[in-house]
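*Asks:* Provided below for reference: sequence and predicted model.
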Amino acid sequence: MLRPVITIDGPSASGKGTVAALVARELGFHYLDSGALYRLAALYALREGVSWEDENQVARLAAQLPAAFHDDKVWLDGHDVSAAIRAEDIGMGASRIAALPSVRAALLERQRAYQQTPGLVADGRDMGSVVFPRAELKVFLTASAEERAARRYKQLIAKGESANLLQIQQDICDRDARDAARSVAPLRQEPDARLLDTSALTIDQAVNQVLQWFRER
Ligand SMILES: Nc1ncnc2c1ncn2[C@@H]1O[C@H](COP(=O)(O)OP(=O)(O)OP(=O)(O)O)[C@@H](O)[C@H]1O
Ligand SMILES: Nc1ccn([C@H]2C[C@H](O)[C@@H](COP(=O)(O)O)O2)c(=O)n1
């Protein structure tokens, strides 16, 4: 197992990022938040005045994304965009551009380059199906729509933002529906991915389950 990969895919607000980052920390592995790349590409397009529907232009920007991850922050063209990429409209924009095949192709090698020694934990929608199809462990992490909306609600309130629970649940369902319906790399559980429903699990329990599956291999 040289440079092993653990993939964690699943729907919005299921806890993929939280669990993936903690598993990576526990194992001393690198961590790839692939959704952040799609969010960065959507934000970059918005700032460059490029429509999210313009596949060629968005793909051009995605291929030359001036993005960096360091100091626990996300940077675009030298600006800290950690908060900006988490906005709900940018999440929706990311979901829209993610349906465009040339945009996905433009980001593919950049994601694969994260597979470095001693290993990688990658979260997203197509980590196990397309980006790292030979991953040592594939997890499909989910939770009920109600639980995911409640978690997102708490997250927003904790950040001091206003939030409407029903609206959040609707937005989450809309985004999942778009991500699951697209023709390229749709959101779905692959046959070789293990299902982890965290609706009734704590973060620690979810992390420990992934670690146990990995160590059992
Ligand atoms: N098992 C859990 N129990 C309770 N809260 C959780 C659990 N897992 C994650 N959370 C919380 O749910 C919120 C959403 O988690 P996170 O941002 O990791 O989801 P995500 O799947 O990466 O979302 P997105 O796909 O939208 O980026 C966070 O506040 C996180 O702390
Ligand atoms: N591997 C990925 C990662 C993300 N996306 C798209 C679909 C999501 O709605 C959007 C934002 O992702 P998030 O930050 O919420 O994980 O980006 C994708 O298609 N493939």
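*Replies:* Arrived safely, thanks for sending. Just so it is clear, the model here is predicted, and its values are computed rather than measured. Ligands and ions are numbered 1, 2, ... in the order given.

*Asks:* Run through the strands of the chain in chain order.
*Replies:* In the chain, the strands defined using DSSP state E lie at 5-9, 30-33, 67-70, 73-76, 79-80, 120-124, 137-142, 194-197.

*Asks:* Please name the bridge partners of the closest residue to residue 21 other than its chain neighbours.
*Replies:* Distance criterion C-beta to C-beta, 6 or more residues apart in numbering; nearest residue to residue 21, sequence neighbours excluded, is residue 31 at 5.4 Å. (C-beta placed from N, C-alpha, C; glycine too.) Beta-bridge partners recorded for residue 31 (DSSP bridges): residue 121.

*Asks:* Pull the residues that contact stretch 176-192.
*Replies:* 9-12, 95-96, 98-99, 101, 104, 125-126, 128-130, 138, 140, 145, 195 (C-beta atoms under 8 Å, 6 or more residues apart in numbering).

*Asks:* just to revisit the earlier point, would you reformat the strands of the chain as CSV and include mean neighbour count, distance to residue 206 and mean pLDDT?
*Replies:* Converted to CSV, the strands of the chain look like this (neighbours: other C-beta atoms under 10 Å; distance: least, C-beta to C-beta, whole Å; pLDDT from 0 to 100):
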stretch, mean neighbour count, distance to residue 206, mean pLDDT
strand 5-9, 28, 10, 98
strand 30-33, 21, 16, 97
strand 67-70, 14, 23, 94
strand 73-76, 18, 24, 96
strand 79-80, 12, 29, 97
strand 120-124, 28, 12, 98
strand 137-142, 24, 7, 98
strand 194-197, 16, 6, 98
